[in-house]
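Trainee: just coords:
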C-alpha cells in the first residue's frame, strides 16, 4: 500500500485528467468503479496498478495483494487526479492485449465440421454438429452500445462476439463501465476482412449467417428455429447492415414491434436477439 499525497506524484500519471484523454495510442486502459476493477483483477488482462480512495483501502488491499502497485489517496485528491466522479473512488490501469483474428479465436475451439471434436451423438444415436452461437457486429460506433452487446453476450453465454474493423474500442472507459467489465471476459475477435471471415464461418465451420433486420420479408424472431451453429449479424446504429453482409446471410430475422416504432437501439435489439438465440428450440 503506497500513500499518494500530491496531484503531481508521477506514480499516478496514468490516472490524471482522464476526461480529457482518449488513451488512443496508449497500451493501457482504465477500469472504473469497484465492480469493473474486481473483474479486471479476475480477467486475463494484466493489472498495472490500482488507485483507491482511503475508505476502500482495506477491502481492495486484500484483493490486490502482491499482484500490482496499490495506491491510496484521500477521496478529494482522487477526484482531482481523475477529473470526473464516475469511478466511485476505485480505479485501476490494465495492460492491453491485441484482439485475436476470427480464425485465431475460433479455429482451435470450433474446427472444421468433419472434425470429431465438434461432432456429438444425440439421443437417437446419430451425429450432429456441436451447437455454437456467435454475434457479429460489423460496425458499432458508440461505446455504450459496445458495452451493452458484451454485457448481454456474457449474460446469455454467447460463444464469441466478432467485431468489424470499424468497431469502436471494447476497452474504452464507457464500454467497460456499461458492460460492468464484461468486455474483459467475453471472447472477442476483430476482423480486418469481415466478408472473408463470414465466408470462412459458412464454408469451413458450418455456420448459418442470420441477419437482424426490419425488412418485411424477415422471419419473426419469436417463432424462429435457430440453426445449431448460428452467427447473428447486427448492423450499425444508423445504417444497419451493409449490402455485402446481407448478401452473405442465409436468413433474416426481425423483432416484432408496435407500428408506432420502427427500430430499436442497437444494444437493446442485440440483447433481445441473444435471448432468443439461447432459449429457443434448435433445429435438428
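Mentor: Looks like it arrived, so ask away. What you see is a predicted model; the values in this text were computed from it and never measured.
Trainee: and residue 277, how many neighbours does it have?
Mentor: Other residues lying near residue 277 total 22 when counted by other C-beta atoms under 10 Å. Placement of C-beta: from N, CA and C, glycine included.
Trainee: who touches it in this structure?
Mentor: Under the criterion of C-beta atoms under 8 Å, 6 or more residues apart in numbering, the neighbours of residue 277 are 133, 156, 158, 226, 230, 232.
Trainee: The stretch 101-250 of the chain: helices as residue ranges?
Mentor: Per DSSP state H, counting those that start in this stretch, the stretch 101-250 of the chain carries helices over the ranges 102-106, 143-156, 173-179, 194-205, 243-248.
Trainee: and residue 92, that one's in a strand?
Mentor: Yes. Assessed with DSSP: H, G, I helix; E, B strand; the rest coil, residue 92 lies in a strand.
Trainee: what's across from the residue nearest to residue 224 when sequence neighbours are not counted in the sheet?
Mentor: Among residues not flanking residue 224 along the chain, residue 253 sits closest, at 5.2 Å (C-beta to C-beta, 6 or more residues apart in numbering). When bridges are assigned using DSSP bridges, the partners listed for residue 253 are residue 212, residue 219.
Trainee: Surely residue 253 touches residue 273?
Mentor: Yes. Between residue 253 and residue 273 there is a contact under C-beta atoms under 8 Å: 7.1 Å.
Trainee: which residue is nearest the middle of the protein?
Mentor: The central residue of the chain, meaning the one whose C-alpha is nearest the mean C-alpha position (C-alpha atoms, centre = their mean), is residue 150 at 3.2 Å.
Trainee: so who does that residue touch?
Mentor: With contacts defined as C-beta under 8 Å, 6+ apart, residue 150 is in contact with 161, 170, 175, 179, 182, 183, 186, 188.
Trainee: circling back to that earlier point, how about the helices of the stretch 101-250 of the chain, which one is nearest residue 81?
Mentor: Smallest distance to residue 81 across these (C-beta to C-beta): 14.8 Å, for helix 173-179.
Trainee: Could you report the neighbour count for residue 243?
Mentor: A count of nearby residues for residue 243, using other C-beta under 10 Å, gives 7.
Trainee: what's the spacing between it and residue 204?
Mentor: 24 Å (C-beta to C-beta, to the nearest Å).
Trainee: just to revisit the earlier point, overlap in contacts, residue 253 and residue 273.
Mentor: Residues within reach of residue 253 and of residue 273 at once, by C-beta under 8 Å, 6+ apart, are 212, 221, 232.
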